[in-house]
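sequence and predicted structure below; questions after.
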Amino acid sequence: MALGEKLWEGKGKSDGPGFIKYVGMEGVASMYSWSAQLKGVGRAKGVDINIHATGKSWMAPKGVGKAKDQAVFTTPSGDMGVLKGFGLSKMVQGKPMAVSLWHFMTVSEKLGWMNDVIAVASYEPIDPMWMELNLTIYEWK
């Protein structure tokens, strides 16, 4: 697997504490929502997007967590589409980190190139509760 060029970067915010779906010996399942404002760079230069997402996560007491996201994205010019993603998270030197694979769907002619893109989204929380985070999205080649 090789990362291609950077497509977007920006900041996101959690829309508040998640909704706990299940607690057990194998971990915690929860629902959450977040939004982000991303600036287009490289191939996506000039395509700034706002993302509004919901997801479901499963976190083991120790080790790797997993998540599924679905989102709507819009541009300032009124174009829109959706994305779906699958992510994994883990602790790195006492700090939570996460990465997701995203795919996009849009009927916008201007954004049609996104329908063929698989992206790798890297999340770095600014705080330990994931209330604010930095996102960097690369094309997967």
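Alright, I've got the coordinates. Numbering: from 1, shown residues only.

neighbours of the closest residue to Leu7 other than its chain neighbours, just the number please.
The shortest distance from Leu7 to any non-neighbouring residue, by CB to CB, 6 or more residues apart in numbering, is to Ala44 (4.2 Å). In this view, the C-beta of every residue, glycine as well, is placed from N, C-alpha and C. Using other CB atoms under 10 Å, Ala44 is surrounded by 23 other residues.

next, give phi and psi for Ala44.
The phi/psi pair for Ala44 (degrees, to the nearest 10) reads phi -90, psi 10.

can you tell me the closest non-neighbouring residue to the residue of the chain lying at maximal distance from its centre?
In terms of distance from the mean C-alpha position of the chain, Met25 ranks first, at 27.3 Å (CA atoms, centre = their mean). Spatial nearest neighbour of Met25, excluding adjacent residues (CB to CB, 6+ apart): Pro61 at 7.9 Å.

and what of Phe104?
The shortest distance from Phe104 to any non-neighbouring residue, by CB to CB, 6+ apart, is to Met114 (4.1 Å).

and the gap between the one you found and Asp79?
According to CB to CB, to the nearest Å, Met114 stands 10 Å off from Asp79.

then Val23?
Distance from Val23 to Asp79, counting by CB to CB: 41 Å.
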